[in-house]
Each structure stands twice: as C-alpha cells, then as structure tokens.
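**Q** predicted coordinates and the sequence they were generated for:
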Amino acid sequence: MSRVGKQPIVVPSGVECKLDGVALKVKGPKGQLNRDLHPNMKVTIEKDVITVTRPTDGRIDRSLHGLTRTLINNMVVGVTQGFSKTLNIVGVGYKVDLKGKGLNLSLGFSHPVNYPAPEGIEFDVDSKKNVIVIKGMNKEAVGQTAAEIRMLRPPEPYKGKGVMYADEKIRRKAGKTAASGG
C-alpha cells in the first residue's frame, strides 16, 4: 500500500465535499474547487473523513493512489487556508508595482512587463523590498503563476540578479579573471 494513499483525509468543519461519479467538489470558507478524479480510484466520503482506495496493485493504480489522495488533500487545504509563494526581485533598477490586479515589473528590459493576475490568484507587493507574495486556493495555479513570473528574468549565477523564490539558493560562479601575462 502507498504510505501517502492509505492516510485518511480529515475534513474540517465548514467544508463540504460532494462526489458525483468522478467529479469532486470541495466548498469552504475561501471558495469552491472542482476536479475530475481518475475513474480507477475509489473515493469514499463518510461524515468528515475521505479515504482513497485502489482496485489492484497494478503499476498505474499504485501511482494514482498517492496522487489522488494528495490532490484531494490540497483541495481541502486550499479552501480552508489557501496557498502562497514568495518571490524576491534582486537587481539594480529592478522593481515591482501593483497595477490593478496585475503586476507591473521593471526587470532591466527596455520596457516594463505587465503580468495580469490569473483567475483565483491575488498578489501582495512590498515595493520597498521588491517582494511579491502570490496567494490562491489552488496550489497548482499558485505554483504555475510563480514559475511564469520567475521565467520573465531567471536568476543568473554571476551577479545573482533576477526573480527568485524566497527560499531559493543561487549557486554563484566566479567571473572571468585576467590572463597571466607570459
């Protein structure tokens, strides 16, 4: 059995879970999330506990078991607490401002970059420290948005400039040195 897949998911009070065939709807204080689950996985909802079981020990069923449980758990956590990722912008002249619901980024290009907020995503910006906090209830959308913003100007290894995750360590490289005359 999968160590992750066999753990039950405890549904906190104030959260409703409905299963209609393979479609799961989770509704909580922050909103509602919908997902179609794989038809091989058997999901049971009893009072405030969700369990996921697999029909066989086949390779595909084993791989889907833990994944399905994690996806459902992320939905429950998302509608109760939400998810967030923090990005730091490092570099001389690099800055970020909130423009409506989207971002206006100055990243060393000849023009500012406008990044509109995807549906279900909110931005908190600290302009003085050049920090972006991406918040949302869908973990995948939060991670994808953070990755897209980071790809606008990935951190470079020589000076460490660019957009990076708050907990990311940039491996620095030594620059070129003058050749010895000889």
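**A** Nice, I can see it.
**Q** please count neighbours and contacts with C-alpha atoms only from this point.
**A** Will do.
**Q** chain center to the helix or strand harbouring residue 65: distance?
**A** Secondary structure from DSSP states H and E places residue 65 in helix 59-80. Using CA atoms, centre = their mean, to the nearest Å, the distance from the centre of helix 59-80 to the centre of the chain it belongs to is 15 Å.
**Q** I'd like the next helix or strand past it.
**A** Taking DSSP H and E, what comes next after helix 59-80 is strand 83-90.
**Q** pairing partners for that following strand, with directions?
**A** In the sheet, strand 83-90 lines up against strand 131-136 (antiparallel), strand 162-165 (antiparallel) (DSSP bridges).
**Q** let's have the ones you listed in CSV, adding mean pLDDT, mean neighbour count and distance to residue 52.
**A** Listed next are the strands paired with strand 83-90 as CSV, based on pLDDT from 0 to 100; neighbours: other CA atoms under 10 Å; distance: least, CA to CA, whole Å:
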stretch, mean pLDDT, mean neighbour count, distance to residue 52
strand 131-136, 96, 22, 25
strand 162-165, 95, 22, 33
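**Q** returning to that earlier point: list the buried residues for the helix holding residue 65?
**A** By 16 or more other CA atoms under 10 Å, the buried positions in helix 59-80 come out as 61-62, 64-66, 68-70, 72-80.
**Q** where along this protein do the strands fall?
**A** 9-10, 16-20, 23-28, 31-36, 42-46, 49-53, 83-90, 95-99, 102-106, 113-115, 121-126, 131-136, 162-165 (DSSP state E).
**Q** turn those into a markdown table, including distance to residue 149.
**A** Output for the strands of the chain, formatted as a markdown table (distance: least, CA to CA, whole Å):
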| stretch | distance to residue 149 |
| --- | --- |
| strand 9-10 | 32 |
| strand 16-20 | 33 |
| strand 23-28 | 28 |
| strand 31-36 | 24 |
| strand 42-46 | 36 |
| strand 49-53 | 35 |
| strand 83-90 | 9 |
| strand 95-99 | 11 |
| strand 102-106 | 9 |
| strand 113-115 | 8 |
| strand 121-126 | 12 |
| strand 131-136 | 10 |
| strand 162-165 | 8 |
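**Q** quick one on the thing from earlier: got JSON lines for the strands paired with strand 83-90, with distance to residue 40 too?
**A** Output for these, formatted as JSON lines (distance: least, CA to CA, whole Å):
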{"stretch": "strand 131-136", "distance to residue 40": "29"}
{"stretch": "strand 162-165", "distance to residue 40": "36"}
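**Q** list the contacts of the spatially most central residue of the chain.
**A** Central residue of the chain (CA atoms, centre = their mean): residue 143, 2.4 Å from the mean position. Taking CA atoms under 8 Å, 6 or more residues apart in numbering, we find residue 143 in contact with residue 85.
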